[in-house]
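Undergrad: I would like to see how this sequence folds:
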Amino acid sequence: MRKIVLSILLVSLLVLSLFSTSILSAHPIPIEEIAFDTGDTAWMIVATALVLIMTPGLGFFYGGMVGKKNVISTMLQSFMAMIIVTVLWIVIGFSLSFGPTIGGIIGNPIPFLFFQGVGIHTAWQAAPTIPFLLFALFQAKFAIITPALITGAFAERIRFWAYLLFMVLFIILIYAPLCHMTWHPEGLLFKLGVLDFAGGTVVHMSAGWAALAGAMFLGKRKAQKSNPARITYVLLGTGLLWFGWFGFNAGSALGANGIAVQALGTTTIAAAAAGMAWVFLDKILGHKLSAMGACIGTVVGLVAITPAAGFVSMPHAIFIGIFSSIVSNLAVSAFHKGKIDDALDVFACHGVGGMTGMLLTGVFASKAVNPAVTDQGLIFGETTLFFNQLIALVGVSIFAFLSSYFLFYVVNKITPLRVSEDKEELGLDLSQHGEFL
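TA: Sure thing, here's the model as predicted:
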């Protein structure tokens, strides 16, 4: 049955792409050239590439943490996100996310189907200085990394084809609505006044809550304790993530401008402050200063500053980094004592980090930093933004968790999510892919 479905998908894509001119071109693309800003365009091309490198970086980050017999499978889950989500985004994902609004919840899937009308002669309304195609490709990289983030929660025990099916459904039914509601000018959360500079809700909260749902649904691994395969991979992955995150956050200014520089600065200092706080707290709690702790703390800081990067000052970015690191560190400790096997602490780091960053955006967002801020943060004596952020946090959390759990349930009905005990014992590298280190 799987062979038939995959054959139909490939043939359908071949036919639709071959005859796309006659089948899909409902709106002719203007031929007149718009004088785009070359500096903005050059920066956004670089930023798009930087965001993409985060996903293989995440593969190294996760791959180094798992046991040796599951490294290839874990890393391949990130690489397959680059492959599958790219195709899905161009076919329908972008239109669902940024197409004309349907009730402020989701985009119309038809106008930008197969990127029709998404070219180099038009521009997105919120990014008028760069080609529309460049904006769409930049956004694709955010969609790619989000399901890859989830994989750390159910590492070492999920069937690969079931993961691919969940990833497709997650992008269509969870990521696209959240993206539309948060970043489309007619989106529900956007119109409410919620601030999310680069993906606190869209990427990290959605991935964090989906990770928690997946860990709960799949249950514990047969053997939860295993030595990390390559801590050097974790260090390399952290470096690639930090490097790519400059495109993630500074690129979300959608131009080579002062806000991009501000986001670059806040991203730098929040990551450093969080990494420092994590290892300091470990020492205070009686643990050794570890490479793993330094890496995890740094990534938590990157997560937490993401929604606030272009809205807060440098000193407040330090606070966000340190505070989020302490909160996530304590959350990791709490989860290790519980019954939920979130293998690589995705919820405690990305979910909790994203929620902390969203709330602190409502505390520190400043008009002095970004004139686009209408309502300032709580520290400036204004309450509207903070309560809008809180409403978004609660609503997105409920939606992302319940929807993800339902998707895991549906996928499990179609094809089993979890590998058998003997295949788990053998390791996913051999049992799922026939490869090994």
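Undergrad: Kindly list the main-chain dihedrals of L165?
TA: L165 adopts backbone torsions of phi -70, psi -40, taken as degrees, to the nearest 10.
Undergrad: what sits against the residue nearest to it when sequence neighbours are not counted?
TA: Counting by CB to CB, 6 or more residues apart in numbering, L165 lies nearest to V411, which is 5.2 Å off, once chain neighbours are set aside. Heads up, the C-betas are built off the backbone N, CA and C, glycines and all. By CB atoms under 8 Å, 6 or more residues apart in numbering, V411 lies in contact with A162, L165, F166, L169, L417.
Undergrad: Of the residues you listed, grab the buried ones for PyMOL.
TA: Listed next is the PyMOL selection for buried residues among the contacts of V411, using 16 or more other CB atoms under 10 Å:
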select buried, resi 162+165+166+169+417
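Undergrad: Once you drop chain neighbours, what's closest to M355?
TA: Per CB to CB, 6+ apart, closest to M355 is L393, 5.6 Å.
Undergrad: That neighbour contacts S206, correct?
TA: No. L393 lies out of contact with S206 (CB atoms under 8 Å); the separation is 12.0 Å.
Undergrad: In terms of neighbours, single out the busier of the two.
TA: S206 (33 against 20; other CB atoms under 10 Å).
Undergrad: need the contact list for the more buried one.
TA: If you count contacts by CB under 8 Å, 6+ apart, then S206 has T146, I174, Y175, L178, V396, A400 around it.
Undergrad: Distance-wise, check the third one relative to F36.
TA: So that's Y175. 28 Å (CB to CB, to the nearest Å).
Undergrad: what about those two, which has more around it?
TA: Between Y175 and F36, counting by other CB under 10 Å, Y175 is the more crowded of the two (27 against 18).
Undergrad: the strands in the stretch 101-250 of the chain, which residues?
TA: Under the criterion DSSP state E, counting those that start in this stretch, strands of the stretch 101-250 of the chain are mapped to 101-102, 106-107.
Undergrad: and among the ones you listed, the most buried is which?
TA: When the strands of the stretch 101-250 of the chain are scored by mean count of other CB atoms under 10 Å, the highest mean neighbour count falls to strand 106-107 (a mean of 24).
Undergrad: Can you give the contact residues for it?
TA: Against strand 106-107 from outside (CB under 8 Å, 6+ apart): S95, L96, S97, F98, G99, P100, T101, A176, P177, H180, H184.
Undergrad: Can you get me a residue count around the first one?
TA: The reference is to S95. S95 has 26 neighbours, counted by other CB under 10 Å.
Undergrad: That one touches L113, doesn't it?
TA: Yes. The pair S95 and L113 qualifies as a contact (CB under 8 Å) at a distance of 5.6 Å.
Undergrad: just for the stretch 301-437 of the chain, where's the confidence low?
TA: Low-confidence segments of the stretch 301-437 of the chain, defined by pLDDT under 70: 337-338.
Undergrad: just the strands in it please.
TA: With strands called from DSSP E, counting those that start in this stretch, the stretch 301-437 of the chain shows none.
Undergrad: Which residue ranges of it form helices?
TA: Secondary structure of the stretch 301-437 of the chain (DSSP state H, counting those that start in this stretch): helices at 314-336, 346, 352-364, 384-414, 421-426, 428-433.
Undergrad: okay, now L188: neighbour count?
TA: Counted with other CB under 10 Å, L188 comes out at 19.
Undergrad: can you give me phi and psi for the closest residue to it other than its chain neighbours?
TA: Spatial nearest neighbour of L188, chain neighbours left out: G104 (3.9 Å); criterion: CB to CB, 6+ apart. Here is the backbone geometry of G104 (degrees, to the nearest 10): phi 70, psi 10.
Undergrad: Just list the residues touching G104, thanks.
TA: G104 neighbours (CB under 8 Å, 6+ apart): H180, M181, H184, E186, G187, L188, K191.
Undergrad: If we use 6 Å, what do you get?
TA: E186, G187, L188 (CB atoms under 6 Å, 6 or more residues apart in numbering).
Undergrad: Quickly note the distance from it to T146.
TA: Distance from G104 to T146, by CB to CB: 21 Å.
Undergrad: can you check T55 too?
TA: 10 Å.
Undergrad: Would you agree F197 is in contact with I305?
TA: No. Taking contacts as CB atoms under 6 Å, F197 lies outside contact range of I305: 8.9 Å.
Undergrad: So these two - more neighbours on which side?
TA: Set F197 next to I305 and count neighbours by other CB under 10 Å: I305 wins out with 35 against 26.
Undergrad: which residues does the more buried one contact?
TA: T266, T267, A270, A317, I320.
Undergrad: pretty sure the third one is in a helix, no?
TA: Yes. Under DSSP: H, G, I helix; E, B strand; the rest coil, A270 falls within a helix.
Undergrad: what number of residues lie near it?
TA: For A270, using other CB under 10 Å, the count is 34.
Undergrad: and the gap between it and A47?
TA: On the measure of CB to CB, A270 and A47 end up 18 Å apart.
Undergrad: again, but for the second one
TA: Computed with CB to CB, the distance linking T267 and A47 is 12 Å.
Undergrad: and if you look at the last one?
TA: Using CB to CB, I320 is found at 22 Å from A47.
Undergrad: how far is stretch 234-247 from where the chain is centred?
TA: 14 Å (CA atoms, centre = their mean, to the nearest Å).
Undergrad: just the CA coordinates of that stretch, formatted as PDB?
TA: Extracted in PDB, the C-alpha atoms of stretch 234-247 (Å, rounded to 0.1, in the frame of the first residue of the first chain):
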ATOM      1  CA  VAL A 234      26.600  18.400  20.100                       C
ATOM      2  CA  LEU A 235      29.300  21.100  20.200                       C
ATOM      3  CA  LEU A 236      29.400  21.300  16.400                       C
ATOM      4  CA  GLY A 237      25.600  21.400  16.200                       C
ATOM      5  CA  THR A 238      25.400  24.200  18.700                       C
ATOM      6  CA  GLY A 239      27.900  26.200  16.700                       C
ATOM      7  CA  LEU A 240      25.900  25.800  13.500                       C
ATOM      8  CA  LEU A 241      22.700  26.600  15.300                       C
ATOM      9  CA  TRP A 242      24.100  29.800  16.800                       C
ATOM     10  CA  PHE A 243      25.600  30.800  13.400                       C
ATOM     11  CA  GLY A 244      22.400  30.100  11.600                       C
ATOM     12  CA  TRP A 245      20.300  31.800  14.200                       C
ATOM     13  CA  PHE A 246      21.600  35.200  13.100                       C
ATOM     14  CA  GLY A 247      19.700  34.600   9.900                       C
END
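Undergrad: Contacts for it next, please.
TA: Residues contacting stretch 234-247 (CB under 6 Å, 6+ apart): 47, 50-51, 53-54, 57, 60-61, 64-65, 264, 267, 271, 291, 295, 298, 302.
Undergrad: Just the ones in helices from the residues you listed, please.
TA: In this view, the contacts of stretch 234-247 that belong to helices under DSSP state H are 47, 50-51, 53-54, 57, 60-61, 264, 267, 271, 291, 295, 298, 302.
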